[in-house]
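Engineer: below is the sequence, then the predicted model.
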Amino acid sequence: MGPANTHQPPRPVVKRTARAILLELDPDDPDGPASIVLIKRLRPDSPRPYWITPGGGVERDDRTVVDALHREVDEELGGKVVDVVPAFVDTVSHPHPHPHAPGGTAVDHGAPLHPHGVKVQHFFVCRLASMDLTRRHGPEVDEPNGEYEVVRLPFTREGVTSVNVVPPSLRAYLAANIEGIRALLASDLG
């Protein structure tokens, strides 16, 4: 006799985000030192900063999650990325709607909100093609809630663990996979 049927239906995805594990590599020395571009956040209600990857919510006008990634990198960094490769997914409880969700419905699929909803964060490894901070725009720039400082850290275990990268699952993934993440950008990947 098999195990009892304890199948739980999947929790509804009420929000999706697209985030860039954004590497800056020397095109003449792709195996040389690399930096990761992060945003240092300091909220007015918190004395401690934290570091996030560039990116944000997938909006109804975004055709795909990757389109959302390109839009967010443009807004937050005035940047362009290339070689976008899916790398990591983080799923967290998210019972409340995003404050900008129109009509009180979930951003994805028009599904009604659910108290047991989740947020799925899609992390993509990509190369920084260009960045012009004078081109930054969007809510983080136009109506900031605290400080948003673009920073570069060495893309090493020591670099990514020297600051409070959030979510913690991303920090752990980065620290454990420096070489593997770089390999996702290898020219022979396919």
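Structural biologist: Now that the structure is in, tell me what you want to look at.
Engineer: so which helix or strand of the chain has the lowest pLDDT on average?
Structural biologist: Every helix and strand in the chain was compared by mean pLDDT, DSSP states H and E; the lowest is helix 139-142, with a mean of 81.
Engineer: and the contacts of it?
Structural biologist: Glu75, Glu76, Tyr148 (Cβ atoms under 8 Å, 6 or more residues apart in numbering). Using the backbone N, CA and C atoms, a C-beta is placed for each residue, glycine as well.
Engineer: cutoff 6 Å now
Structural biologist: Helix 139-142 is touched from outside by Glu76, Tyr148, with contacts defined as Cβ atoms under 6 Å, 6 or more residues apart in numbering.
Engineer: cool, stretch 82-100 as well?
Structural biologist: Contacts for stretch 82-100 (Cβ under 6 Å, 6+ apart): 14-15, 21, 57, 66, 107, 113, 115, 117-127, 129, 167, 169, 173, 184-185.
Engineer: all the strands of the protein, in order from the start?
Structural biologist: 13-26, 29-42, 50-52, 55-57, 79-93, 118-131, 147-154 (DSSP state E).
Engineer: now do stretch 44-52, average pLDDT.
Structural biologist: Averaging pLDDT along stretch 44-52 yields 92.
Engineer: and that stretch, how far out from the chain's middle?
Structural biologist: Taking Cα atoms, centre = their mean, to the nearest Å, the mean C-alpha location of stretch 44-52 is offset from the chain mean by 17 Å.
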